[in-house]
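Participant: Quick one: sequence plus predicted model below, questions after.
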Amino acid sequence: MKKNHIITPLLIALTGILVTVGGFLVFRQPPLVEKPATPPDSSSKSSVGGEQSENRNKTDEDRQNRTRPNFCFHQKFENKSYVVCEVDPRKNNISLFLNNQDGQPFKYFRNVEKYLNERGQSIAFAVNGGMYHKDFSAVGLYIENGKTLQSVSTRDGPGNFHMKPNGIFFIANKTAGVMDTDSFLKSKIKPDIATQSGPMLVIENKIHPRFIVNSPYLEYRNGVGVKKDGTVVFVNSEGRVNFDEFARFFRDEMKTPNALFLDGSISSLYAPELKRYDWWYGLGPIIAVTIPLEPERTVPKSGQ
């Protein structure tokens, strides 16, 4: 009996020591390291973190490793995010689309894609291409395949389109340009395609005089500019921006001496390489870069 009385306290003491040591070891373990958060989807119109140069280099590397022609990438400027699509009009086909063969507005990118697929072509990327009326007809100058479907507008009026100077994006003999409306009319250029919108964002490296620095009027916006080497630059903001910062992105970051605002709020992008298929709004003019149809390419389902 005495032997058992001695052993029992010893076992209890040893158990207490083991529990204490085990608890100490548990609390001394280094904290678990969380995995980096997955970046938001490119279609979410939200800011994406990370170093600009690192993101740009990775994007460029990804583009070089793909076999399909690639045009679009993400770019940050002053803590705002944009999708940029660059294209050389001398090497690629840039077209305007408004009405189908029955005279009805295309309205949606998927309708243009289907139309092109039936003709052995597809969309590399596309954007809304200018302002339009309730019936989806163009507000200002609209030229498609050398044919003028809507004449140039020089009227005064309300809204962004009439914030003078407004301007015209055009392509003539595979050379692209952006000009304010008055300069375009004086030039006597006969474009293959043209679309008028407003206001101009950048005019000969100067920001539109009516833009306000730090303006509180923020909106999703898209526009087009042309670099000195002739490259056309289409930009869609991924968040709400004011006119001044949007214009400075074109001038200071993309180095376009002239740039034109295409539209706001309904700004839309169709870019399969980014898995972006905006579909929320019916559109008037649509600008699309087209390429030969790939055998495995199919038109996205309704809603894409």
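Facilitator: Thanks, I have the structure now. Numbering: from 1, shown residues only.
Participant: Surely Ile207 and Arg248 touch.
Facilitator: Yes - between Ile207 and Arg248 there is a contact at 6.8 Å, judged by C-beta atoms under 8 Å. The way it works is simple: take the backbone N, C-alpha and C, and place the C-beta from them, glycine included.
Participant: Ramachandran coordinates for the closest residue to Phe243 other than its chain neighbours?
Facilitator: In space, and not counting its chain neighbours, Phe243 is closest to Phe211: 4.5 Å by C-beta to C-beta, 6 or more residues apart in numbering. Dihedral pair for Phe211: phi -80, psi 140, per degrees, to the nearest 10.
Participant: For stretch 133-140, give me every contacting residue.
Facilitator: Stretch 133-140 is contacted from outside by 98, 105, 107, 130-132, 149-150, 152-153, 161, 166, 168, 195-198, 282-285, using C-beta atoms under 8 Å, 6 or more residues apart in numbering.
Participant: hang on, the earlier thing: who's in contact with the residue nearest to Phe243?
Facilitator: Going by C-beta under 8 Å, 6+ apart, Phe211 touches 242-244, 247.
Participant: can you dump the C-alpha coordinates of stretch 171-180 into CSV?
Facilitator: Provided in CSV are the C-alpha atoms of stretch 171-180 (Å, rounded to 0.1, in the frame of the first residue of the first chain):
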residue,chain,number,x,y,z
ILE,A,171,-7.8,56.1,-90.0
ALA,A,172,-6.8,57.0,-93.5
ASN,A,173,-4.6,54.7,-95.6
LYS,A,174,-3.6,52.7,-92.5
THR,A,175,-2.5,55.9,-90.7
ALA,A,176,-4.4,56.8,-87.5
GLY,A,177,-4.9,60.2,-86.0
VAL,A,178,-6.8,62.2,-83.4
MET,A,179,-7.6,65.8,-84.2
ASP,A,180,-9.9,68.4,-82.8
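Participant: What pLDDT does the model give the residue nearest to Phe243?
Facilitator: In this model, Phe211 is scored at 98, pLDDT.
Participant: so how far is Ala247 from it?
Facilitator: For Phe211, the distance to Ala247 equals 6 Å [C-beta to C-beta, to the nearest Å].
Participant: what ranges do the helices span in the stretch 51-200 of the chain?
Facilitator: Assigned by DSSP state H, counting those that start in this stretch, the stretch 51-200 of the chain shows helices spanning 52-65, 109-117, 181-187.
Participant: Of those, which shows the lowest average pLDDT?
Facilitator: Among those, helix 52-65 scores lowest, at a mean of 41.
Participant: Tell me the bridge partners for Asn99.
Facilitator: Applying DSSP bridges to Asn99 gives these bridge partners: Pro105.
Participant: Let the chain start at 2 from now.
Facilitator: Shifting the count to begin at 2 puts that one at Asn100.
Participant: pretty sure it contacts Lys108?
Facilitator: No - look at Asn100 against Lys108 with C-beta under 8 Å: they stay out of range, at 9.7 Å.
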